[in-house]
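Trainee: got a sequence here, can you model it:
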Amino acid sequence: MKPSLTRKEFMKLAATTALAIPAASLLGRNPIFEDISVAHPYSAHPGLQLYTLREKFAKDPEGTLKKVAQIGYKDLEFFDPAKLSMASQVKNLGMKIISTHFQPGYVTGNWANPENPPKEKLEDIIELCAKAGVKNLGVGFLYPADRKSLDTYKSFAEKANKAGEKSKAAGVQLYYHNHSFEFKPTDGTTPLEAMLAILDKDLVKLELDVFWTSVSGNNPTEWIQKLKGRIKFLHLKDLKKDTPQDFTTSDVKPEAFVALGEGVVDFKSVLAAAHATDIPFTFVEQDHSAVDPFDSIAKSLAYLKKLAL
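Mentor: Below you'll find the predicted structure:
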């Protein structure tokens, strides 16, 4: 069976996931080819989070970027703002830096090594983005000090709103990337729900990681629908079958991470929902790989192209 969706299958997915968008309106915004695919599939501008290649990038950043371009990726998400100085090289290779993650300490003031915090301030990171033409800046993780209780999560959300105001003033959009700990049932709710109630929808957008959402026992397609208008990015990451449910993030074994199409995430449903809710960008990411990570990201891109979504 072909992994690509027919027009009929695409419409069925949109209907069965109960996406609150009339079919005619959906077709008007995202025209569908008669036979196999939407007119503007994510695979036409495939994105990659460079954390996947962090070891190779550390040894040979220019060579790594060239290889990524040769494989066929177009949009990049960096994991270190200090590397935005390579924006011109990225452009010359026919790619674009869409966003970068940065450390939560710039928002919270809490650091993994509190005795040796960086000299830069949040304003310096925002300026780096603005000068490099990178319009999106994401908190990629929360340190344990920021997730001791619902109150610490709420405190982060309040600080993130203030950071989002500063970012917005410089033309940079702040966003937050989830893991599995945000879904842990806590005092009748979850940290994610507690943060969502505080985070300003315009000042702090979201990056939904479908792996971490799935490993927590949640359905990423349902969350895409629920968070319509708040998600700007998706992390496309597959989950190995029979991986235990997790709310810690740190206890998930490396072998749980597999190339797209090799695990249990329903990417047809995920990407159909992403189109229907107008999520502009997706990034392939694989935290760990049992084979050469270049081979893994090539497999993932080939799978996306077959899906034609």
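Trainee: tell me which helix or strand the residue nearest the centre of the chain sits in.
Mentor: Note on the chain: the residue nearest the mean C-alpha position is H235, at 3.2 Å, using CA atoms, centre = their mean. Assigned by DSSP states H and E, H235 belongs to strand 231-236.
Trainee: got it, and L208?
Mentor: strand 204-209.
Trainee: can you check N161 too?
Mentor: Using DSSP H and E, N161 falls in helix 150-169.
Trainee: just want the angle from that helix to strand 204-209.
Mentor: Helix 150-169 runs at 110 degrees relative to strand 204-209, counting by axes from the mean of the first three to the mean of the last three CA atoms, to 10 degrees.
Trainee: ok, back up a step: was I right to think the residue nearest to the centre of the chain contacts L208?
Mentor: Yes - proximity of H235 to L208 meets the contact threshold set by CB atoms under 8 Å, at 7.1 Å. Any C-beta I mention is one placed from the backbone N, CA and C, and that applies to glycine too.
Trainee: quick revisit: what's the strand holding H235 packed up against?
Mentor: In terms of contacts (3 or more CB pairs under 8 Å, 6 or more residues apart in numbering; DSSP states H and E), strand 231-236 is packed against strand 136-139, strand 173-177, strand 204-209, helix 210-215, helix 267-276, strand 281-284.
Trainee: between the ones you listed, which gets nearest to A163?
Mentor: Taking CB to CB, strand 173-177 is the member of the helices and strands packed on strand 231-236 nearest to A163, at 5.8 Å.
Trainee: show me which residues of the helix or strand just after that closest one are buried.
Mentor: With elements assigned by DSSP H and E, the helix or strand that comes after strand 173-177 is helix 191-196. Of the residues in helix 191-196, P191, L192, A194, M195, L196 count as buried by neighbour count, 16 or more other CB atoms under 10 Å.
Trainee: now, which of those sits nearest K121?
Mentor: Minimum distance to K121 across the buried residues of helix 191-196 is 23.2 Å, recorded for M195 (CB to CB).
Trainee: wait, the closest one sits on E182?
Mentor: Yes - counting by CB under 8 Å, E182 is a contact partner of M195 at 7.1 Å.
Trainee: got any residues that touch both of those two?
Mentor: Y153 (CB atoms under 8 Å, 6 or more residues apart in numbering).
Trainee: low-confidence ranges in the stretch 51-200 of the chain?
Mentor: Residues of the stretch 51-200 of the chain meeting the criterion pLDDT under 70: none.
Trainee: what's the nearest residue to S289 if we skip its chain neighbours?
Mentor: Excluding its sequence neighbours, the residue lying closest to S289 (CB to CB, 6 or more residues apart in numbering) is S296, at 4.3 Å.
Trainee: so what's the one you found up against?
Mentor: Applying CB under 8 Å, 6+ apart, the residues near S296 are T52, A259, Q286, S289.
Trainee: please point out which parts of the helix or strand where D295 lies sit buried.
Mentor: D295 belongs to helix 293-307 when elements are defined using DSSP H and E. Of the residues in helix 293-307, 293-294, 296-305, 307 count as buried by neighbour count, 16+ other CB under 10 Å.
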